[in-house]
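Peer 1: Sequence isn't available, so here's the structure alone:
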C-alpha cells in the first residue's frame, strides 16, 4: 500500500473499508468518495454499520477494544489512520455532533469555549468573539445571549443540540459528522437543525446518519444506503429517492422493511 | 400458616434493625449524660477557650483545643497525602489503565484499608519517623507528620475507589463529546470528568476525613501523648482519640472528673464526624448529578 498522498478532487474518501468487531465483520468493502461542501446522508436499518462508518472519520471507534479495520480513510488526500496522525489534531478538523445532546455540566459560555481552551486559547476578547460567532452560526444567539453564564443543562433539548453544534463549530473544523442529531428532538427543533445544516454546507462538509427518510431527502446532496455492512447504493439523493437502482434500496426507502 | 411464618421473619428482621438503632442511641445517651455531669463542673467556655489540656496533672486545665488541633493537624496531613494520590490513581484506573489492570489493582488497593491499624502505627514509628528524621533534622521521635502521612496512605483507597466509581458513572456521552473536540485523555479527565463527578469525589474525601479523624491506633503509637496547641507537624501532639485511649487504659478512678473528661472528648469527636457526615449528605443531595 502506498503512503497515500494521492491527487484527489474529493474532500473525503473511504477506500475498500472493512471493519471488524472481533470476528464479526460490520462493514464490507465500502468505497465512498465525498466532495467538499456537500451534505451526505447515510441511511439504513439499525445495525447496518452506518454509525460505525461515520465514526471512522474522527477515529471514535478507536476506543472499542475489539475494533479493527482494513482499507483507507482519506481526508484532504491523507490517510487519517497513518501512524503519525495526531488524533487530537484530526478531531479538531473533524467535529462531531451526537445523537443525544451532550452539553458539559458547565455554563453555556464554557461549553463553547471548551474546545478553544484545551487548545490553549485563553484570551478573553478572542474567546468572547468566537463564542458569539459560533452561537450565532448555530442560530441560538437570540435565545441565550442574556444568559451565557447559565448552565447549559437548563436549556431545552433542541437548544442543547444547537449548543452542541455551536461547540463543534467553535474550533472551526472543515468536516462535521452528525450521528442522528435530530432523533431525540421535537419537530420544530428538528426543522431548525435541518435549516442550520443547509446553511452550514456553505462552509463545511457534512456527513449525517439519519433514520428519517424525509430528512435525508430534504437536506442531503448525496445518499448512501447501507444494509448488513454493505454500501448497497450511493448516489445523488434525488436519484436514490426517485429512481433507486437496487431493489433493496427501493424496499427500504418505500418503507417495506427496516 | 405462611402469614405467621412471614410475620416471624419480619419481626426478626425488624429486631436486627432495631438493635443497631438502639446501640447508636445508647452510645449517644452515655456520651450525653456523662458529659453533662462533666460540664456541670467545667464550664463550656473554659472547655472551648482554655489553651491547655491537663486534666491528669495537679494543675488542672480543661481546654479541648490542643486535642482538637492535634486531631485536625494529623487529619490535614493525611488528606494532603491521600487526596492527590487517590485522585491520581482514580484517574489512572478510570481513563488510562486497561480493563485487566483496573480489575486487579482496585481490590489490591482496597487491601490498604484492611491492614490492621496497629501495623500502620508501628510502621510509622519504626520506619517512617526514622526516615523522615534523616531528611528533617530536629524532628522529634513522636510527631504529627509521620502518623499523618501513614494515615494518608491508609485512607487512599477510600478516595481512589469511590472517586473511580464516581468517574466511571459520568455518562459516556460527555467523554465522547470531549474526545470529539480533540481533547486528550488528561484534559478530558481534569476538565470534564472530575468536575462532573465532583459530588462523588467530595463525598469520598469526606468519608476519608471522617476515617482519619476517628483513627486511633496510628496516632496513639506514633504521634505522642502531649496535648499541645500547635500546628507544627514536627513536635509531639495528642489527638482526641489518643487521649481517650490513654485515660481508658490508665488508672483514673471511675466516676471522677478526670474520668468524665473522656466523655467530653468523645462527644467532641462525635460532633466532628457527625458534622462531616451531614456535610457529605448535603453535598450529595445538593449536587446530585443533574444530567443523565
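Peer 2: Great, that's in hand. As the structure is a prediction and not an experimental result, all values here were calculated from the model. Numbering: from 1, shown residues only, chains lettered A, B, ... in the order given.

Peer 1: Can you pull the residues of the stretch 51-200 of chain B lying near chain A?
Peer 2: B:99, B:171, B:173-174, B:176-184, B:187, B:191-192, B:195-196 (CB under 8 Å from any CB of the partner chain). Backbone N, C-alpha and C define where each C-beta goes, glycine included.

Peer 1: Please pick the buried ones from those residues.
Peer 2: Buried members of those, scored by 16 or more other CB atoms under 10 Å in any protein chain shown, are B:173-174, B:176-183, B:187, B:191-192, B:196.

Peer 1: right, and the pair among these with maximum separation?
Peer 2: Taking CB to CB as the measure, these span a maximum distance of 18.7 Å, between B:182 and B:196.

Peer 1: Please point out which parts of stretch B:9-21 sit buried.
Peer 2: Within stretch B:9-21, no residue is scored as buried using 16+ other CB under 10 Å.

Peer 1: Isn't residue A:27 up against residue A:228?
Peer 2: No. Between residue A:27 and residue A:228 there is no contact under CB atoms under 8 Å: 9.9 Å.

Peer 1: out of these two, which sits in the busier spot?
Peer 2: With neighbours defined as other CB atoms under 10 Å in any protein chain shown, residue A:27 and residue A:228 compare such that residue A:27 has more, 25 against 15.

Peer 1: so after the helix or strand harbouring the more buried one, what's the next helix or strand?
Peer 2: Secondary structure from DSSP states H and E places residue A:27 in strand A:24-34. Where DSSP H and E defines the elements, the next helix or strand beyond strand A:24-34 is strand A:39-43.

Peer 1: Mind giving me the packing neighbours of that next one?
Peer 2: Packing partners of strand A:39-43 (3 or more CB pairs under 8 Å, 6 or more residues apart in numbering or on different chains; DSSP states H and E): helix A:50-54, strand A:205-209, helix A:213-219, strand A:222-227.

Peer 1: all strands for the stretch 1-150 of chain A, in order.
Peer 2: Listed in chain order, the strands of the stretch 1-150 of chain A (DSSP state E, counting those that start in this stretch) span A:12-21, A:24-34, A:39-43, A:67-75, A:78-79, A:94-97.

Peer 1: of the ones you listed, which approaches residue A:201 most closely?
Peer 2: Distance to residue A:201, taken as CB to CB, is lowest for strand A:39-43 among the strands of the stretch 1-150 of chain A, at 5.4 Å.

Peer 1: The lengthiest helix in chain B - what's its average pLDDT?
Peer 2: Using DSSP state H, we find that the single longest helix of chain B is helix B:2-39. In this model, helix B:2-39 carries a mean pLDDT of 92.

Peer 1: swap in stretch A:150-166?
Peer 2: If you average the pLDDT values across stretch A:150-166, you get 93.

Peer 1: can you map out the helices along the stretch 1-150 of chain B?
Peer 2: Using DSSP state H, counting those that start in this stretch, the helices of the stretch 1-150 of chain B run over residues B:2-39, B:44-49, B:65-91, B:99-111, B:117-123, B:129-135, B:145-168.

Peer 1: returning to that earlier point: right, so of the helices and strands packed on strand A:39-43, which gets closest to residue B:145?
Peer 2: For residue B:145, the closest of the helices and strands packed on strand A:39-43 is helix A:50-54, at 55.3 Å, according to CB to CB.

Peer 1: for that closest one, which positions count as buried?
Peer 2: Under 16+ other CB under 10 Å, the buried positions of helix A:50-54 are A:50, A:51, A:52, A:53, A:54.

Peer 1: And for stretch A:157-164?
Peer 2: Buried residues in stretch A:157-164 (16+ other CB under 10 Å): A:158, A:159, A:160, A:161, A:162, A:163, A:164.

Peer 1: Columns distance to residue A:176 and mean pLDDT on top of the strands of the stretch 1-150 of chain A, output as a markdown table?
Peer 2: Below are those laid out as a markdown table (distance: least, CB to CB, whole Å; pLDDT from 0 to 100):
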| stretch | distance to residue A:176 | mean pLDDT |
| --- | --- | --- |
| strand A:12-21 | 12 | 94 |
| strand A:24-34 | 12 | 94 |
| strand A:39-43 | 10 | 95 |
| strand A:67-75 | 13 | 93 |
| strand A:78-79 | 18 | 92 |
| strand A:94-97 | 5 | 94 |
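
Peer 1: Distance to residue B:107 added to these, as a markdown table?
Peer 2: Below are these laid out as a markdown table (distance: least, CB to CB, whole Å):
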| stretch | distance to residue B:107 |
| --- | --- |
| strand A:12-21 | 29 |
| strand A:24-34 | 32 |
| strand A:39-43 | 43 |
| strand A:67-75 | 29 |
| strand A:78-79 | 42 |
| strand A:94-97 | 36 |
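
Peer 1: about what we covered before: quickly list what's touching both of residue A:27 and residue A:228.
Peer 2: residue A:49 (CB atoms under 8 Å, 6 or more residues apart in numbering or on different chains).

Peer 1: still on that earlier bit, output the contacting helices and strands for the longest helix of chain B.
Peer 2: Secondary-structure packing of helix B:2-39 (3+ CB pairs under 8 Å, 6+ apart): helix B:257-286.

Peer 1: So what's the gap between the helix it packs on and the chain middle?
Peer 2: 11 Å (CA atoms, centre = their mean, to the nearest Å).

Peer 1: helices or strands next to it in the packing?
Peer 2: Helix B:257-286 packs on helix B:2-39, helix B:65-91, helix B:198-214, helix B:240-249, going by 3+ CB pairs under 8 Å, 6+ apart.

Peer 1: can you list contacts of the helix or strand following the third one?
Peer 2: Going down the chain from helix B:198-214, the next helix or strand is helix B:217-222, by DSSP H and E. Under the contact criterion CB under 8 Å, 6+ apart, helix B:217-222 has outside partners B:70, B:74, B:116-118, B:120-122, B:124-125, B:128-129, B:142-143, B:146-147, B:150-151, B:154, B:239, B:241-242, B:245-246.
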